[in-house]
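S.K.: Take a look and give me a structure for this.
(one chain, ligands or ions: 1)
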Amino acid sequence: MTAKRTRLSKFEFAVIFREQNGLCKCGCGLSLEGGQIDEEHTRPIGLLGDPKPDSLWRRECHKRKTKDDIARISKAERQGLRTGQQARRARNGPKMKSRKTVWPKRKFRSKKDQSNDRE
Ligand SMILES: [Zn+2]
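M.R.: Sure thing, here's the model as predicted:
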């Protein structure tokens, strides 16, 4: 269940921009001006965040954060027993299942058969 992403209005953008003093939210101390600005959710939507962006990031910092977020979201899913080894065991039981052995249809040839071939 993922909430729909929404975008900031011009007004909301300006309010957040002022709150951050025109600086990137990640704490790198660089100005947002003169580069690409991304709207960002402090709490990722994947982790039940608000669908409304609430911070402004420089494009490069944002890329880095998104990568971290993806890692955090997949970790949360593992811990929520949706994916991963524990989840698989909960579904399928603790034992590994071996595949059915398929024996060859062709019979092994005896030494006698092989000597007949040579003649
Ligand atoms: Zn930054």
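
S.K.: Give me the most central residue, this structure.
M.R.: In the chain, the residue lying closest to the centroid (Cα atoms, centre = their mean) is Ile70, at 4.3 Å.

S.K.: for whichever helix or strand that residue is part of, packing partners?
M.R.: Following DSSP states H and E, one finds Ile70 within helix 59-79. Judged by 3 or more Cβ pairs under 8 Å, 6 or more residues apart in numbering; DSSP states H and E, the packing partners of helix 59-79 are strand 37-40. The way it works is simple: take the backbone N, C-alpha and C, and place the C-beta from them, glycine included.

S.K.: Low-confidence stretches in this structure?
M.R.: 1-5, 42-50, 81, 96-97, 108, 113-119 (pLDDT under 70).

S.K.: Which residues of it lie near the ion?
M.R.: Proximity of the chain to the ion, by Cβ under 5 Å from the ion, involves residues 24, 26, 28, 58, 61.

S.K.: Just put the residues you listed in JSON lines and tack on neighbour count.
M.R.: Compiled in JSON lines, the residues of the chain next to the ion are given as follows (neighbours: other Cβ atoms under 10 Å):
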{"residue": "Cys24", "neighbour count": "23"}
{"residue": "Cys26", "neighbour count": "16"}
{"residue": "Cys28", "neighbour count": "13"}
{"residue": "Arg58", "neighbour count": "22"}
{"residue": "Cys61", "neighbour count": "19"}
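
S.K.: can you list the residues that contact the helix holding Ile70?
M.R.: With contact meaning Cβ atoms under 8 Å, 6 or more residues apart in numbering, helix 59-79 is reached by 24-26, 28, 30, 35-38, 40, 44, 46-47, 57, 83-84, 86-87.
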